[in-house]
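Peer 1: Let me see the structure of the following:
(one chain, ligands or ions: 1)
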Amino acid sequence: MPLIDPQLKEILVCPCPHHAPLDEDEAASRLRCQKCRLAFVVDDGLPIMLLEEAEAGADFNPQECGAAEEVTAELKATG
Ligand SMILES: [Zn+2]
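Peer 2: Numbers count the residues shown, from 1 in each chain. Down below sits the predicted model:
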């Protein structure tokens, strides 16, 4: 079973400046940006598409993200 409605996934993009498409990580219940690799929690079929709520994993790529430096610094601190 997909994490989210496939039609919803079609129109969803990462809120990073790339607005890149997202990969489904079913095992982790996360949507992951194909560019910056930020992970977004999916809560009962509803993805939380907020940079402030995103998780920066080990492969987070701030260069690709291009978000404001204070945002990426904050993400690094929590990730
Ligand atoms: Zn992104």
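Peer 1: quick one: contacts for Leu46?
Peer 2: Leu46 is in contact with Ile4, counting by C-beta atoms under 8 Å, 6 or more residues apart in numbering. All C-beta atoms are positioned from the backbone trio N, CA, C, and that covers glycine.
Peer 1: From Leu3, how far off is it?
Peer 2: 10 Å (C-beta to C-beta, to the nearest Å).
Peer 1: surely Glu64 meets Lys35?
Peer 2: Yes - contact criterion C-beta atoms under 8 Å: Glu64 and Lys35 qualify, at 4.5 Å.
Peer 1: shared neighbours of those two, which are they?
Peer 2: Cys16, His18.
Peer 1: Other residues contacting the biggest strand by length in the chain?
Peer 2: What stands out as the longest strand in the chain, according to DSSP state E, is strand 38-43. Here strand 38-43 makes contact (C-beta under 8 Å, 6+ apart) with 3-4, 14, 16, 22, 25, 28-33, 47-51, 53-57, 60, 65, 75.
Peer 1: buried subset of those?
Peer 2: Buried subset of those (neighbour count, 16 or more other C-beta atoms under 10 Å): 3-4, 14, 16, 22, 29-33, 47, 49, 51, 54-57, 60, 65, 75.
Peer 1: and stretch 50-61, does that touch the ion?
Peer 2: No - counting by C-beta under 5 Å from the ion, the ion is not contacted by stretch 50-61; separation bottoms out at 8.4 Å.
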